[in-house]
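A.B. asks: Starting from these lines, generate the structure:
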Amino acid sequence: MLSLRDARALALIGLQRAGEAEKLLRSTLNVLEDRKAKGEDSGEGEGLANLVRVHLGMALAGQHRWPEAESLLVTCVPQLPQREAETRRAIRFVVDFYDAWNRAEPDPTRAARAEEWRRRPESAQAASASR
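C.D. replies: Numbers count the residues shown, from 1 in each chain. As a prediction, the model looks like this:
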């Protein structure tokens, strides 16, 4: 059920409704954290919570809340399982995120971070697969 909420939030992000997505994602994280605290984790576990945090970072980026988004993205994306499509999409998102932030507020360190993420093995693999 919670994974469906996450999927809905991701769809909202795609529809440029990041504020709505943020509320849904924060609510989902609260439920996951509450279940964990009570020992009632029904299999979603930290994997889903981490993915929800990545999507929350995406929602924050969609609202141009750059520093908040960056914190979540750079912490959580590396924790996603390797060699999965969701991970490759998240890495591509981080590259695009830094590019967009750099266009909005030019800073050479952001351009360097985008290049750093472009060189990650998952993103290189995704680029070659899309050709």
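A.B. asks: For L32, report the pLDDT, please.
C.D. replies: Looking at L32, its pLDDT stands at 91.
A.B. asks: Contacts for the helix or strand containing it next, please.
C.D. replies: Per DSSP states H and E: L32 is located in helix 18-38. The contact list for helix 18-38, computed with C-beta atoms under 8 Å, 6 or more residues apart in numbering, reads 2, 5-6, 8-10, 12-13, 41-42, 44-45, 48-49, 52-53, 55-56, 58-63. Backbone N, C-alpha and C define where each C-beta goes, glycine included.
A.B. asks: Please pick the buried ones from those residues.
C.D. replies: 2, 6, 9-10, 12-13, 44, 48-49, 52-53, 55-56, 58-62 (16 or more other C-beta atoms under 10 Å).
A.B. asks: now the strands for this protein?
C.D. replies: Shown for the chain, no strands are assigned by DSSP state E.
A.B. asks: Any regions of it where pLDDT drops low?
C.D. replies: Within the chain, the set of residues satisfying pLDDT under 70 comprises 42-44, 121-131.
A.B. asks: Could you pull out the helices in it for me?
C.D. replies: 2-14, 18-38, 45-62, 66-76, 85-104, 108-118, 121-129 (DSSP state H).
A.B. asks: now stretch 54-65: how far from the chain's centre is it?
C.D. replies: Counting by C-alpha atoms, centre = their mean, to the nearest Å, stretch 54-65 is centred 8 Å from the centre of its parent chain.
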